[in-house]
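> Sequence and predicted structure are below.
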Amino acid sequence: AQRVTQPEKLLSVFKGAPVELKCNYSYSGSPELFWYVQYSRQRLQLLLRHISRESIKGFTADLNKGETSFHLKKPFAQEEDSAMYYCALKGFGNEKLTFGTGTRLTIIP
Amino acid sequence: NAGVTQTPKFQVLKTGQSMTLQCAQDMNHEYMSWYRQDPGMGLRLIHYSVGAGITDQGEVPNGYNVSRSTTEDFPLRLLSAAPSQTSVYFCASTRVPGANVLTFGAGSRLTVL
């Protein structure tokens, strides 16, 4: 079975402060991990995936297999980062994408 | 190129009524899926399809039916709506099964009274 845990339902951060959204997963094989984001009145969209090892909108996430984590980080929060963030996992050879419960990030001006 | 189109955007039903949520994509995607989004529960997979004529159950399939007669369309049917099915429903697709990036529809908000 594959499971994704996002321990924080709500997170408020001041503008300019660092942001970290936590994601832990449970999966016995080699997972693929993703972060999806839903801005207000917009569709859910991919933010980044671990295999790309890229930075999108200043966000990065590193897959830590030892801690089974894939935390999303940004050094300086911006107001436009306010959104709902979902961590997601796909198992190797599996078509299904399993989402976490989501974290609503609010950036305080 | 419309992407993933869901209709209706909003719907109110009475308990016991039936309805179909429509999902269509024009990207020739083989894989299509339905999720429901509930506060505190995240996105949960209802049903999915890896191609025309093939469907399978996700995490929360009870109370829902699907079919995939064409590559483009993947309707979700509620046979006898219950208040527990009040939710926001998202259709999502990707080019091939197992591909990484899902393209989502705008969502359909369903209220069952």
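Received, thanks. Numbering: from 1, shown residues only, chains lettered A, B, ... in the order given.

> tell me which parts of chain A are close to chain B?
Neighbours of chain B within chain A, by Cβ under 8 Å from any Cβ of the partner chain: A:6, A:9, A:32, A:34, A:36, A:43-46, A:49, A:51, A:86, A:90, A:93-102. The C-beta positions use only the backbone N, C-alpha and C, and glycine is treated the same way.

> Report the buried members of those.
The neighbour count (16 or more other Cβ atoms under 10 Å in any protein chain shown) marks A:6, A:32, A:34, A:36, A:43-44, A:46, A:49, A:86, A:90, A:94-102 as buried among the residues of chain A next to chain B.

> The residues you listed in strands, which ones?
A:32, A:34, A:36, A:46, A:49, A:86, A:90, A:97, A:98, A:99 (DSSP state E).

> So, low pLDDT: which residues of chain B?
Scanning chain B for pLDDT under 70 picks out the ranges B:1, B:98-100.

> Name the SS class of residue A:80, please.
The local conformation at residue A:80, judged by DSSP: H, G, I helix; E, B strand; the rest coil, is helix.

> That one and chain B, how far apart?
From residue A:80 across to chain B, the span is 20 Å (Cβ to the nearest Cβ, to the nearest Å).

> Around chain A, pick out the residues from chain B.
Looking at chain A, the residues of chain B close enough under Cβ under 8 Å from any Cβ are B:31, B:33, B:35, B:40-45, B:48, B:50, B:58-59, B:90, B:92, B:97-98, B:100-102, B:104-107.

> Show me which of the residues you listed are buried.
Buried among those by 16+ other Cβ under 10 Å: B:31, B:33, B:35, B:42-45, B:48, B:50, B:58, B:90, B:92, B:97-98, B:102, B:104-107.

> in what helix or strand does residue B:111 lie?
Using DSSP states H and E, residue B:111 sits in strand B:108-112.

> what about that strand, distance to the chain center?
12 Å (Cα atoms, centre = their mean, to the nearest Å).
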